[in-house]
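Q: Following is a predicted model, sequence given first.
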Amino acid sequence: MNIDTFLTHYTLHSSQLMWFLGAGAPRSAGMPSAGDIIWDLKRHLYCTRENRDIADNELSNEAVREKIQDYLTGNGLQSPSFEEEYAHFFKLALGDDSAAHQKYLQGKLDPKKISLTSGFRILAALMEMSKARIVFTTNFDSVLENAYAFMTGKDLHAFSLDGSYAALAALNSESFPIYAKMHGDFRYYEIKNLPEQLRSNDKEIEKCFVNACSRYGLIVSGYSGRDQNVMDAFHQAISQNNAFPQGLFWMTSMSGNVLPSVENLIQKAKDKGINAHIVKVETFDSLMIKIWKLVQSKPQELNGKVRRSILRDVKVPRYNDDAQGYPIIRLNAFPVAIMPKTCAAIETMAPLSTTELTEKTKEIKSSAIFARERKIFAWGPLDEIYKIIPENEIKSCEEYDLSELLTDFNENGTINAFYTKAIVRAIVRDRPVRLRVSKGRYFVAISSKHEKYKDFEPILKDALKAYDRNKRAEVPAAQLAGKVPNMTDTYWMEGAELTLDYIDGKFWLAIRPDIWIEPRESRRSAKEFMARKKGNRYNRTQNRLLDAWKQILFGSEKVVTLQVYSQLEKYNATFQVHTTTAHSMKSKG
């Protein structure tokens, strides 16, 4: 089912739909997902047994994760199955000590780390409006309780191991809202994260869940389906008469894989005549934003709290050459002063889903850029837009103001991707680089065949200069591209990753120098080669590389205006970037 069809169903039946949240839902609020916890435990296990410094093993580094995974696999420490990873690594890393597990999770799920993102503020508001009467979760954190207190000024009692017997009574008496934790809250000693414990869910809360599934539909978000006992509860619910009367909707990320156990569950539900579907969404936050836009008669107080940011603005003084004191860190982010505020909004005669739109843009070559929100957004010449959506299939095409959507840039994956693709396309136009895309990430790689390559080749080679002991001097790099040794038909070239971010109320374009491997599928196999190539790229080299890429992509101007299309089109995307990077400096306070 596509997201638009789901939203239509939700609008009609919101008060008859429950929610089931997994660890993926509160991730943007600062809480780790189950996957994050697993990787942290893997790192703890590796560093403990190999006497390594945790600070030297940053999990955001793909090479570090691969190293840890290779160690676990090589030493027979890998979990026997994906579904059992959580319990398996808890036991390996921390043993059978329940108190140690409790203390570990207390640190990871510290309420002080919580930031109330749009998604949980919206869910709390829906609970207060009786549009989300029941929420079940496998999570240990208190993100939803904090959000509910912030939105309403009231406490949200969570049914967990303490008082679990009352959950079914609350359901039968319709004492809404109901919030129940199926694994028990980590604050209680009877934590359930060991294999033998995970197989026996809290029976009272499970009874409440199964009973509720015969009265309401269910939306599952941020949950992978890795716990066998929880999935058993889902199967038990499906086996009832009149199960999920308003449907079963399993939300999964656009790029995420769905476990076979989930696919089997949905198929079993369909076989019983249940309106059951897997629905792809960007994130939990973007899903909730879409829902909130469709809610009518929103109370002003709740709407105001949903829309406003709870983070304080941080004011960092601009670096001044004449000032006493110097920046201690030069960052790789460039301020984007102007973002395009309008685009074409297209309504088609027949519905065109996100999947259908994506497939058409892959099949047909067009320079137009598309995104699917409530309408189809587009930048580009009309004749390029018509290649994807023929003119006779367009019901209306009008200019749309994107200003309001820009305020949700971090939470709205569709808008984020729409703008990122546009600014990257604007940057690489007429530059001596090739644009490459890998799993939604954008890279530029140097192109020796481009007519302007010779103008910039010396700049990049000089940035990569290294000390030659024979010549007793620093010498420029000999090559900017070449064949990867001992690998068939695999090539490397100097490149950089480009990202567009919204931080501290401002937009930033980040440039991260890197090495591109062609074909991209060989990147993992070439990790040792890349490690050798980048092994001596310390601060001075990184600083020179950033300057080189700045000149390659922006030229020598302090402010550059970038457009996706060379001619002045009605639906063009225009950006203005300042080429002085952000900085960090020691506070005088």
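A: Cool, the structure landed. Residues are numbered from 1 along each chain as shown.

Q: Beyond the helix or strand of the chain with the lowest mean pLDDT, next helix or strand please.
A: None of the helices or strands of the chain scores lower by mean pLDDT, DSSP states H and E than helix 195-198, at a mean of 46. Counting by DSSP states H and E, the next helix or strand C-terminal to helix 195-198 is helix 203-212.

Q: which residues are contacting that next one?
A: Here helix 203-212 makes contact (CB atoms under 8 Å, 6 or more residues apart in numbering) with 18, 134, 136, 159-160, 164-165, 167-168, 170-171, 178, 180-182, 233, 236-237, 240. For the C-beta atoms, the positions are set from N, CA and C on the backbone; glycine is no exception.

Q: Narrow these to those in helices?
A: Ala167, Leu168, Ala170, Leu171, Ala233, Gln236, Ala237 (DSSP state H).

Q: Is the fourth one in contact with Pro177, as I believe?
A: What it means is Leu171. No - contact criterion CB atoms under 8 Å: Leu171 and Pro177 do not qualify, at 11.2 Å.

Q: Now for these two: what residues contact both?
A: Common neighbours of Leu171 and Pro177, using CB under 8 Å, 6+ apart, are Ile134.

Q: about what we covered before: looking at the ones in helices among the contacts of helix 203-212, which is nearest Gly482?
A: Comparing the ones in helices among the contacts of helix 203-212 against Gly482 with CB to CB places Ala233 closest, at 55.9 Å.

Q: OK, contacts around that closest one?
A: Ala233 makes contact with Met182, Asn201, Glu206, Phe209, Val210 under the criterion CB under 8 Å, 6+ apart.

Q: mind redoing it with 10 Å?
A: Phe136, Met182, Asn201, Ile205, Glu206, Lys207, Phe209, Val210, Cys213, Asp227 (CB atoms under 10 Å, 6 or more residues apart in numbering).

Q: same thing with Ala170?
A: Counting by CB under 10 Å, 6+ apart, Ala170 touches Ile134, His157, Phe159, Gly163, Phe176, Pro177, Ile178, Tyr179, Ala180, Cys208.

Q: what's the neighbour count on Trp492?
A: 24 (other CB atoms under 10 Å).

Q: May I see the domains of the chain written out as residue ranges?
A: The chain breaks down into these domains under automatic domain parsing: 3-31+116-301, 34-108, 342-401, 411-585.

Q: So which of the ones you listed is the most surrounded?
A: domain 3-31+116-301 (a mean of 19; mean count of other CB atoms under 10 Å).

Q: what about Thr407, how many neighbours?
A: By other CB under 10 Å, 16 other residues sit near Thr407.

Q: Now it: closest residue in space that isn't a chain neighbour?
A: Arg307 (7.7 Å; CB to CB, 6 or more residues apart in numbering).

Q: how close does that neighbour get to Glu301?
A: From Arg307 across to Glu301, the span is 11 Å (CB to CB, to the nearest Å).

Q: Tell me the one among the contacts of Ala170 nearest to Leu546.
A: Tyr179 (47.6 Å).

Q: correct me, but that closest one touches Phe120?
A: No - counting by CB atoms under 10 Å, Tyr179 stays clear of Phe120, with 11.9 Å between them.

Q: what touches both of these two?
A: Residues touching both Tyr179 and Phe120 by CB under 10 Å, 6+ apart: Leu21, Leu144, Glu145, Tyr148.

Q: right, and the second one touches Asp155 too?
A: No - when contacts are counted by CB under 10 Å, Leu144 is not listed as touching Asp155 (11.7 Å).

Q: re the thing from before, using JSON lines, please lay out the shared contacts of Tyr179 and Phe120 together with secondary structure.
A: Shown next, in JSON lines, are the shared contacts of Tyr179 and Phe120 (DSSP: H, G, I helix; E, B strand; the rest coil):
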{"residue": "Leu21", "secondary structure": "strand"}
{"residue": "Leu144", "secondary structure": "helix"}
{"residue": "Glu145", "secondary structure": "helix"}
{"residue": "Tyr148", "secondary structure": "helix"}
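
Q: follow-up on the earlier one: from the contacts of Ala170, which is closest to Trp250?
A: Minimum distance to Trp250 across the contacts of Ala170 is 17.0 Å, recorded for Ile134 (CB to CB).

Q: quick one: contacts for the closest residue to the closest one other than its chain neighbours?
A: Of all residues not flanking Ile134 in the chain, Met18 sits nearest, at 4.2 Å (CB to CB, 6+ apart). By CB under 10 Å, 6+ apart, Met18 lies in contact with 132-136, 178, 209, 212-213, 215-220, 244, 246.

Q: Tell me how far Met18 lies from Val64.
A: 39 Å.

Q: hang on, isn't Ala445 packed against Trp516?
A: Yes - the pair Ala445 / Trp516 is scored as a contact, 4.0 Å apart, by CB under 10 Å.

Q: Now for those two: what residues contact both?
A: Joint contacts of Ala445 and Trp516 (CB under 10 Å, 6+ apart) are Val433, Arg434, Arg436, Ala481, Tyr491, Trp492, Met493, Glu494, Gly495, Ala496.
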